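Undergrad: Structure for this input, please:
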Amino acid sequence: MGFQITGDAAADKVLDDSSFALLAGMMLDQQYPMEHAFRGPAKVLDRFGTFAPDAIAAADPEEFAAMASTTPAIHRFPGSMAARLQELARIVEETYGGDASRLWTEASDGKDLLKRVMSLPGFGKQKAQIFVALLAKQLGVRPAGWESVVGDYALDGHRSVADVVDADSLQKVRDFKKAKKAAAKSSD
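TA: As a prediction, the model looks like this:
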C-alpha cells in the first residue's frame, strides 16, 4: 500500500523507499502542516540529488541551508531545520551505520525504541510516541510493550500522522487536532 501522508505520490514514494526520509519527515513535523513536513525529504532529494544520511551530514552547512530555503522551502523555519536535519543525518550515520531502520529493528522493546527516538534532535516525548505509533500502525513494527509507551496514540481513531492513510483520514486528524485545541482554549 505505501504511505499516503503528503498528498503527492512522488513524495510519499520517497517515504516508502527511505527509512531515513520517514524519520526526517517526522522530525520536520512541527509548527508546519503535516503533509508539507513529510514532503521535505522529497524536496531535499530533488534539489540535493540524494537523501543519503552520509551525504547530508557531510554537506556544507551554509549551502545545505540555502538549498533547504529555496522556495518552496522544506519547512517554515528552513535554516534551523536544515541544521537539525544534518544533525539527524550525522546521528543516523554514526550510530546506525546510515540505516535509520536500525533505530527500530534493533530496539529490544517498546521502551527502548521510545528512548532511542527521544534521543534524536527534534523528538520530544509526544513526537516520539507518535512516531512509534506510526511504525506500529503503518509498518507493523511492534516491539514488545509498544502500546504502553505510546499511550492514546495506540488507540484506533484519528489522533496523529500515525493514523493518516489517505486524504479522508488526514482531514479527520486535522479535525481532531482542531477540536482538541478548541477544548484546551475553552478550559483556560
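Undergrad: what packs against the helix or strand harbouring Leu22?
TA: Using DSSP states H and E, Leu22 falls within helix 19-28. Secondary structure elements in contact with helix 19-28, counted by 3 or more C-beta pairs under 8 Å, 6 or more residues apart in numbering; DSSP states H and E, are helix 9-17, helix 34-48, helix 78-96, helix 125-139. In this view, the C-beta of every residue, glycine as well, is placed from N, C-alpha and C.
Undergrad: any idea how far Ala11 is from Leu113?
TA: 25 Å (C-beta to C-beta, to the nearest Å).
Undergrad: Show me which of those two is the more surrounded one.
TA: Set side by side, Leu113 and Ala11 show more neighbours around Leu113, with 28 against 24, by other C-beta atoms under 10 Å.
Undergrad: right, and that one touches Ala144 too?
TA: No. Using C-beta atoms under 8 Å, Leu113 and Ala144 do not qualify as a contacting pair, with a distance of 9.9 Å.
Undergrad: what residues go with each domain of this structure?
TA: 1-100, 125-181 (automatic domain parsing).
Undergrad: The last one spans what distance, first to last residue?
TA: Domain 125-181 has an end-to-end distance of 19 Å (criterion: C-alpha to C-alpha, to the nearest Å).
Undergrad: Distance from the chain centre to that domain, please.
TA: 12 Å (C-alpha atoms, centre = their mean, to the nearest Å).
Undergrad: who's in contact with Glu106?
TA: Contact analysis of Glu106 by C-beta atoms under 8 Å, 6 or more residues apart in numbering lists Tyr96.
Undergrad: Give the buried residues for the lowest-mean-pLDDT helix or strand in the chain.
TA: The least trusted helix or strand in the chain, going by mean pLDDT, DSSP states H and E, turns out to be helix 167-186, with a mean of 87. For helix 167-186, a neighbour-count test (16 or more other C-beta atoms under 10 Å) marks Ser169, Leu170, Lys172, Val173 as buried.
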